[in-house]
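Undergrad: Predicted model and sequence follow; I will ask about them next.
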Amino acid sequence: MNKTKILIIEDDQDILLILQEQLELDGFKVFGAPNAGEGLRLLQEKGPDLIILDLNLPDADGLKVCQQIRQQSNIPLLMLTARDSISDKIRGFEYGADDYITKPFEYLELLARIKACLRRAQSPDRVRSQIMHFGPLTIDHRRREVYLHGKSIKLTRKEFDLLSIFADHPGEILSRDFLREQLWPGKEIYPWSRALDVHIQRLRQKIEPNPNNPRFIITHPGVGYRFDPGED
């Protein structure tokens, strides 16, 4: 049986070695990188199932590395860092992190978060078998693929999750609080955070014929958003 592969990008050698040893004892295959350059190389070479990323790297800002990873992969990504301010956490989610844990940390909590990220990635929260059509937009939930006028549209994990939430509630006005809870269950995302706005803006740029005049994702000021299914 193939082991789940984890890539750790962390410049603190003590933390890197301890995590590698502990995770391998728990049955994972672990690759370690002391900097962003090596981490991105291993991402391409090893094809990990999950990434643990430190934000304070010697050769790059971890947030920029996260953004770079998100441009090419939807792999589950957990940020591990000494930055513990609310603004740093919000930026982490905005740049595409699936979870965020601060140093110092308890290994068992980290392990639980790793397993939770992997479960979310491997097992959708609702069983879907259908392909959904909304005018020129097609959503294949089985393959997590989206097509616009028959052309494949590359979405990040969160963008696809957001689109799926809208597709599950066609024509309904969904509040911002509802969308936040669905996208980041159990996470402390504050009402003034722009994380949701960023994801909606990026999703519109990819699926809307005219993002400035949305056809699918309609804003209801002060209330929330509505997904307009149009006519099949």
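TA: All right, it came through fine. Quick caveat: nothing in here was measured; it's all calculated off a predicted structure.
Undergrad: can you list contacts of the helix or strand hosting Leu118?
TA: If you go by DSSP states H and E, Leu118 is part of helix 107-122. Helix 107-122 is contacted from outside by 4, 6, 19, 22-23, 26, 49-50, 52, 75-78, 80, 98-99, 101, 157, using CB atoms under 8 Å, 6 or more residues apart in numbering. C-betas here are computed from N, CA, C, even on glycine.
Undergrad: Check stretch 7-25 too.
TA: Taking CB under 8 Å, 6+ apart as the rule, stretch 7-25 contacts 6, 30-36, 38-39, 42-43, 46, 48, 50-54, 56-58, 62, 65, 80, 103, 107, 110-111, 114.
Undergrad: give me the number of residues near Ala60?
TA: Ala60 has 16 neighbouring residues, counting by other CB atoms under 10 Å.
Undergrad: After the helix holding Leu118, which helix or strand is next? Please name it.
TA: Using DSSP H and E, the next helix or strand after helix 107-122 towards the C-terminus is strand 131-134.
Undergrad: Next, the buried residues of stretch 22-40.
TA: For stretch 22-40, burial by neighbour count (16 or more other CB atoms under 10 Å) applies to Leu23, Phe28, Val30, Phe31, Gly32, Ala33, Pro34, Asn35, Ala36, Glu38, Gly39, Leu40.
Undergrad: Export these as TSV, with columns for distance to Gly222.
TA: Below are those laid out as TSV (distance: CB to CB, whole Å):
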residue	distance to Gly222
Leu23	46
Phe28	46
Val30	48
Phe31	47
Gly32	48
Ala33	46
Pro34	48
Asn35	46
Ala36	41
Glu38	48
Gly39	42
Leu40	42
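Undergrad: OK, contacts around Phe105?
TA: With contact set as CB under 8 Å, 6+ apart, Phe105 has these partners: Leu80.
Undergrad: what's the answer for Leu162, then?
TA: Counted by CB under 8 Å, 6+ apart, Leu162 has contacts Leu179, Leu183, His199, Ile200, Leu203.
Undergrad: tell me which residues in stretch 149-167 are buried?
TA: By neighbour count on 16+ other CB under 10 Å, the buried set for stretch 149-167 is 153, 155-167.
Undergrad: partner residues bridging the closest residue in space to Leu174 that isn't next to it in sequence?
TA: Closest residue in space to Leu174, ignoring its immediate chain neighbours: Gly224 at 5.0 Å, by CB to CB, 6 or more residues apart in numbering. For Gly224, the beta-bridge partners under DSSP bridges are Ser175, His220.
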